[in-house]
Structures are given as structure tokens and as C-alpha cells.
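Colleague: Need coordinates for the following:
(one chain, ligands or ions: 1)
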Amino acid sequence: MCGIVAYLGKKAAQPILIEGLKRLEYRGYDSAGVGLIQGGDIKIIKSSGRISVLEEMLDEPNSGDVLGIGHTRWATHGEPNTANAHPHLDYTGKIAVVHNGIIENYNTLKTWLISKDCKFKSDTDTEVIANLIGYLYSNTEGKDSPSDGQNRFEWAVQHALNELVGTYGLAVVCADFPDMLIGAKKGSPLILGLGDNEFVIASDASAIVEHTTQAIYLADNEMVTASSKGFHTKTIDNIEIHKELKQIEFSLDAIELNGFSHYMLKEICEQPKALKMCLGGRLDLRDGRIVLGGIGKYWREITRAKRVVINACGTAWHAGLIGEFLLEQLARINTETEYASEFRYRNPVIEDGTIVIAVSQSGETADTLAAIEQARERGATVLGIVNVVGSSIARSTDAGVYLRVGPEIGVASTKAFTAQVAVLAMLAIELGRRRHLSNESARFYIEELSKIPEKIEKVLAQSEDIKKIAEATCQRENWLFLGRGFNYPVALEGALKLKEISYIHAEGLPAAEMKHGPIALITDGMPAVFIATRCSQYEKIIGNIEEVRARGGKTIVVASEGDEDIKKYADHLITVPQVPEELQPMLTVIPLQILAYHAAVLRGHDVDKPRNLAKSVTVE
Ligand code: M6R
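Modeller: So this is what the prediction gives:
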């Protein structure tokens, strides 16, 4: 994915664009650029590399340049060089576009545009949009030329959008209209912030909140045209629409580092507070019930459901797998967790009585969105467990539960994971209560859930000790993460965390599977992380630890507080407070997040912007 930001107002656009791009840099960071309308021309400054590189190329801001567009890129079509960086100018030099998404029919359009003598300078799909708008803008004669009150620029954008197949969140300017900014959306997010005589268009609210908290969230196939006279919204079929003004729900403070060296560390440390927000008002300790307002109307259907299918990707998939175990264990309902990327291309069986649950932090993951469409087409009721309010997944599901953990900016997902598990636990407990679980058991789990935030504090307090473990082990290039039962998905998540930010090869496995092959990998000193808390499979996992030690592996063991017996099996020991095994993942994952964080820092990596990654994957 990429980040786009655009400004029209009374202030100099350049610093606003740069600040906005810095807020959006987590969305992509291989190249960046800005385009400013300057005296009837468009001035483009762009470069490969980070926004800091772009910043060094900029002149002092000109207070008269009040309209501009900016982009930070995660490459899809074309390598991340300067030519492929956005904004892209059309062949006439009058139109400039920044774009997040993928144009699937760009080759067909490009061939046609080349036949019309349009010149291309990049390998991107985006340049096709710029040239198509430019071509339509310069060649209106003989066509259904703009109607009254609708200028040629807006007409050309609207007509070009109708030719595009694929996804876009885009902002467009035209040199002939120094007072007009157009934005449009299909499949990629786009928000219009409405300030005091100023407009900020951006991929997400973090680039807007500094200027205004009033915003309009465009839906797919909608466009907005803003000028000093105001703004209007319509569909790309030219039907005027009224959009509701929404309040951006988080403060600037939520997206600042606040003294932390990295967003990932901030977000790890925020987990007690984040989980309190997630659980807040939802746990009815007095009556032993759980209140999830967003799905209130669907309880009858959920309670009668025969099957649940969870769809997600990456870390959210790991949370989904824990959700599967929770729903089976507490609600006794048949549940499967699917990689959304696989589910969408299969021919899945969705019988009557199937509930599909999509889990996603960003709410923009393309594969998860497509899986939802697939499920809906086959008649399933789809629920969302999403963090970003108003995101595409939140809007395309029948009902859902928000995580309420505030913005997650670090590319490695941390607080969203624990909150996803917390929401799935709430769902399982309440569904269980409505099916087979005794009121006494439901009350027990609710009380235990309410204590999780304070117990996370106790794990966080071991950060310095975990750092020492990272110092002793982070030079090793191959690791294993092993767990059983509810802690098996935690092993997968621990391995993913280490891989994505420290670039260490790590494999997560159900511990018992190790002997079926991966045990061959164990060499002298190889780190093996075991999640070996007190649970129903405790004795079994001790056996697995012994198998690794017998072959020279170094064990890093996450164990229950007060477990003296386990010390002899651990080269390095981390403890977590005791909780019922169904709820353990919310605690056992914390040391693994911290371990991955310190390992990455010690290895000198940019923790918040790991190579080749972007925060949410809006491409297939
Ligand atoms: O926004 P989503 O939760 O849908 O994102 C899914 C994955 O792309 C995401 O969890 C990814 O695996 C993270 N980088 C993991 O830290």
C-alpha cells in the first residue's frame, strides 16, 4: 500500500504535505514525492528512498503555494526509483496524480493511450491514470462535453475513473485550476478532512487530525471536488450525494511517539491500557455477561449457527486461530480459520447457518476484503473484528466489534493482536454462555479476562531481562518457536515477529510436530523458544524441551510464575502470571514481542519500517 495526502487552503502546502507524509510513512517507504501548483504550472519533486531524502531536496516553502499533493510509496508496478515515484504528471504536464491501489487494466489503457501519442516516462500503473485524465481533458470535442457548472477537469477525472479496473485512492490536481483538488476512492481508503477554509485529503486520519477532526469518509466509487467555494461529493456516475460529517476519534497524542524510541515499543507498552479500552464497558461482572453492542442484533443468529469460519491474514490470522480454539472450547461450535488469500480463490462450502468472521487491524487488507465478498455472495452473515473505524472491512461486514485500541502505527502488529484475541475470547464466552457454558464458568472467565491488563504490566516489567536474552541470542540466524494448544498460535506469532523486524529466519510450530521433521534443524546453540506455561499439555511440552536440549539447542522458556520445576529446563527463563489456559495467549505473546523488538534493535534494523513491508497489504 501507499500513503497519499493532499492540501488545499490558505497556508503553504509543502510543510503540510511533508508532515502528512511522515504520518503516513508506515504505509510505504521506498520512495516519496510532492507536487505543488505554482503560477499555472505543476512543480514535482520526488525521489527514491525515505521522506527524509525528499525533504532535503525541497526549497523553502512558498506561502503562495496553497495547493499540493504528496505520496509515500510501497512499490507494486515498477522498481522504487525516482521515475516511478509519485506524483505522476500526464503527457501534457497539466495533470498530476498520486495514487494508492492497483489498476488492473493498465496495460490495455496504456496501449490505447500510446496509440493516441501519449508519452510514458515510468513503469507504473498510476501514470496511465494521469495520461487518461490528461487525454480526456485535452480532447473533449465531439464527446458529451461538460455540462453547466461542471468544469472540464472534473469531467475528465470522472470519465477516466469509469475506465479503470482495479483499486484506487487518489488525489488529482490540474495546472489550469489552482483552486481545485479532486479525490476519489475505490478499494483503497480516502478521507477528506474539513478545516477552517482548508481541505486535507489523506489515506488515513493520522495525516488529517493535526488540522481538523471533522472528516468525510468516501465510499467506493465516490469522488470529491474541493475548492475555495466549498466542496461537493458525487459518485463516479455523476450522481450528487450527501456525505455525513464524522468526528475523527483519536487525538494527536495517540499518534506521537511520546518519548518512546519506536512505535512498536510504544504499542507493546500500551497493551495494558489498550486492553482496558477494548474490554471497557463490555464485561458485565455483576450479571456474568458480555455486552458487544456492535453485534447485539445478531445474537440469535450467532447462537443458532452451525459453523464459524474465521478469515484473516498474518498476525490477525494467528489471533483467528486462537479464536477458533476458544470458540470450540467455550462455545462448542465447529470453527475453522482460513487464510483469506486462499479462501477467496477456493470454492468454499458455505451452508446455511455459517457465520464468517473477518479479523483485521487495518480493515483494508485486500485478501480479507475479497474473502468477505466471497462469503457474502454465498449467503453468509459476516462479522468484522477490526481496529480502524470506518475502514473498508468495517463497512463491508454485516456487523462487528471494534478493537478500540487506538491507531497502531508500527508495521509489526502488537496491541491489535492482543485485542483481537480479547474480542474473540469475549465472543466465545458470551456465545458459550448462550449455548452450553454454565453461568458460573462464564463468570469465571469474565473475571479472569478483566484481570489481564494488570497481568500484562507484570510481563512488561521484565523488558530489561528479555533484552539481555536478546543480547545473548540475536546473532543466531535460525530459531524455532514451539507451543502446544492455545500457545501454538502464539509460537507462530512469535516467529513472525522475529522474522519481520529482525530478518532472522524463525519457524513456529506446534511443539509435537517438531519430531516429524523440523527436529533435524537443531544444531548446537540454536535458540528454541518454548511457551511452556502450566496448562493441560504441560508435561508433554517438557518432553519436547528435553528433546531440543538433548540435541544441543538453547532453550528460552516462557513459563508460569512460581514454576520452580521448569528452571532446570531453561537456558533463559521468562515468566508470566498464571491465568486459565484459554486466556494465556494475551500474556505469553508479550515476551515474544519484546524479544523480537530488542533483537531487531540490537541488529540495527528500522523496527517500525522493516524492509519490503508495509503496514497493511492492499494488494493481492
Ligand atoms: O491489517 P490486517 O490486520 O488485516 O493485516 C494483516 C497482516 O498483513 C498483518 O497482521 C501483518 O502480518 C503484520 N505485519 C504482522 O505484524
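
Colleague: what comes up buried for the helix or strand in which residue 453 is found?
Modeller: Under the criterion of DSSP states H and E, residue 453 resides in helix 452-460. Residues 452-453, 455-456, 459-460 are the ones in helix 452-460 that count as buried (16 or more other C-beta atoms under 10 Å). Using the backbone N, CA and C atoms, a C-beta is placed for each residue, glycine as well.

Colleague: and if you look at stretch 88-95?
Modeller: Neighbour-count burial for stretch 88-95 [16+ other C-beta under 10 Å]: 88-92, 94-95.

Colleague: give me every residue that touches the residue in the chain positioned nearest to the ligand.
Modeller: Nearest residue of the chain to the ligand (C-beta to the nearest ligand atom) works out as residue 314 at 2.0 Å. Residues near residue 314 by C-beta atoms under 8 Å, 6 or more residues apart in numbering: 413, 496, 617.

Colleague: neighbours of the last one, just the number please.
Modeller: Same thing as residue 617. 18 (other C-beta atoms under 10 Å).

Colleague: The top helix by length along the chain vs helix 452-460, what angle?
Modeller: In the chain, assigned by DSSP state H, the helix with the most residues is helix 415-434. For helix 415-434 against helix 452-460, the angle by axes from the mean of the first three to the mean of the last three C-alpha atoms, to 10 degrees is 140 degrees.

Colleague: Need the three-state assignment for the residue nearest the centre of the chain.
Modeller: Nearest to the geometric centre of the chain sits residue 362, at 3.3 Å (C-alpha atoms, centre = their mean). Secondary structure, DSSP: H, G, I helix; E, B strand; the rest coil: residue 362 is coil.

Colleague: got it, and residue 496?
Modeller: helix.

Colleague: Can you give me the distance of it to residue 618?
Modeller: Plainly put, residue 496 is 19 Å away from residue 618 if you go by C-beta to C-beta, to the nearest Å.

Colleague: More neighbours: the two, which one.
Modeller: The neighbour comparison of residue 496 against residue 618 (other C-beta under 10 Å) goes to residue 618, with 28 against 22.

Colleague: Skipping adjacent residues, who's closest to that one in space?
Modeller: residue 1 (4.1 Å; C-beta to C-beta, 6 or more residues apart in numbering).

Colleague: Check residue 223 too.
Modeller: Residue 223's closest residue in space is residue 184 (C-beta to C-beta, 6+ apart), at 3.8 Å.

Colleague: and that neighbour, what pLDDT?
Modeller: The model reports residue 184 with a pLDDT of 98.

Colleague: who does it bridge with?
Modeller: Counting by DSSP bridges, residue 184 is bridged to residue 170, residue 223.

Colleague: Hmm, it is touching residue 157, no?
Modeller: Yes: Residue 184 lies in contact with residue 157 (C-beta atoms under 8 Å); the separation is 6.9 Å.

Colleague: list the residues that contact both of those two?
Modeller: 172, 223.

Colleague: Who has more neighbours out of those two?
Modeller: Comparing residue 184 with residue 157 by other C-beta under 10 Å, the one with more neighbours is residue 184, at 29 against 25.

Colleague: pLDDT below threshold where in the chain?
Modeller: 140-145, 147-150 (pLDDT under 70).

Colleague: residues from it in reach of the ligand?
Modeller: 313-316, 360-362, 365, 368, 411-413, 496, 500, 616-617 (C-beta under 6 Å from any ligand atom).

Colleague: can you pick the most crowded of the residues you listed?
Modeller: Those, ranked by neighbours (other C-beta under 10 Å): first place residue 360, 35 neighbours.

Colleague: who touches it in this structure?
Modeller: 312-313, 316, 368, 384-387, 391, 393.
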